[in-house]
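**Student:** predicted model and sequence below, questions to follow.
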Amino acid sequence: MKQILILSIVILNLFYNKVYANNKIPVTVIKIKDGDTIDVKLKKNNNSFSIRLIGIDCYETSKIYRSYKQAYTNNLSVDKVVEKGVFSKQFLEELYQNSNQQVFLEFMGLDRYKRVLGIIYFGNINVNELMKTNGGCFPYEYYEK
């Protein structure tokens, strides 16, 4: 019985990955946390989770350790880092509010913290790319450790 259950799970996962490989999965935005992280839920089954927008990194929106590190690395004041982070978050919120489009996730894997990595689309707009060019975020590559 246990082997049948395991086999069923494997077959469902293979089917799921085959169906959704390189496809956009419809999601509903729950909350925009900052310029590069949003909470969503799947339309199919209402499971909710955070998505880390792959390929970008935005400044922090509060004075935490990482914002001080960003300030030092980029030769900015911590207040300027937070200001830039708030700008990125507001840009993403306004983009979402003004899009009136279906939101899709292109699943790209998990990072070392087990966060979902993905590309978000508002309709046909690649949000990740738009955040790099207009949203105050910069390119970021993930490395497996």
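**Tutor:** Perfect, I can see it now. Numbering: from 1, shown residues only.

**Student:** can we go C-alpha only for contacts and neighbour counts from here?
**Tutor:** Noted.

**Student:** so who does residue 97 touch?
**Tutor:** By CA atoms under 8 Å, 6 or more residues apart in numbering, no residues touch residue 97.

**Student:** let's have the chain start at 65 instead
**Tutor:** All right, first residue 65 from here; so that's residue 161.

**Student:** what pLDDT does it get?
**Tutor:** Note on residue 161: pLDDT of 95.

**Student:** then residue 81?
**Tutor:** So residue 81 comes in at 49 (pLDDT).

**Student:** flag every buried residue along the helix or strand harbouring residue 193.
**Tutor:** Using DSSP states H and E, residue 193 sits in helix 191-197. By 16 or more other CA atoms under 10 Å, the buried positions in helix 191-197 come out as 191, 192, 193, 195, 196.

**Student:** ok, the last one touching residue 203?
**Tutor:** Yes: using CA atoms under 8 Å, residue 196 makes contact with residue 203 at a distance of 6.6 Å.

**Student:** pull up the overlap in contacts between those two.
**Tutor:** Common neighbours of residue 196 and residue 203, counting by CA under 8 Å, 6+ apart, are residue 120.

**Student:** how far does the lengthiest helix in the chain sit from its chain's centre?
**Tutor:** Counting by DSSP state H, the longest helix found in the chain is helix 142-163. How far helix 142-163 lies from its chain's middle: 14 Å, per CA atoms, centre = their mean, to the nearest Å.

**Student:** can you give me the helices in the protein?
**Tutor:** Under the criterion DSSP H, the chain contains helices at 66-84, 129-137, 142-163, 191-197.
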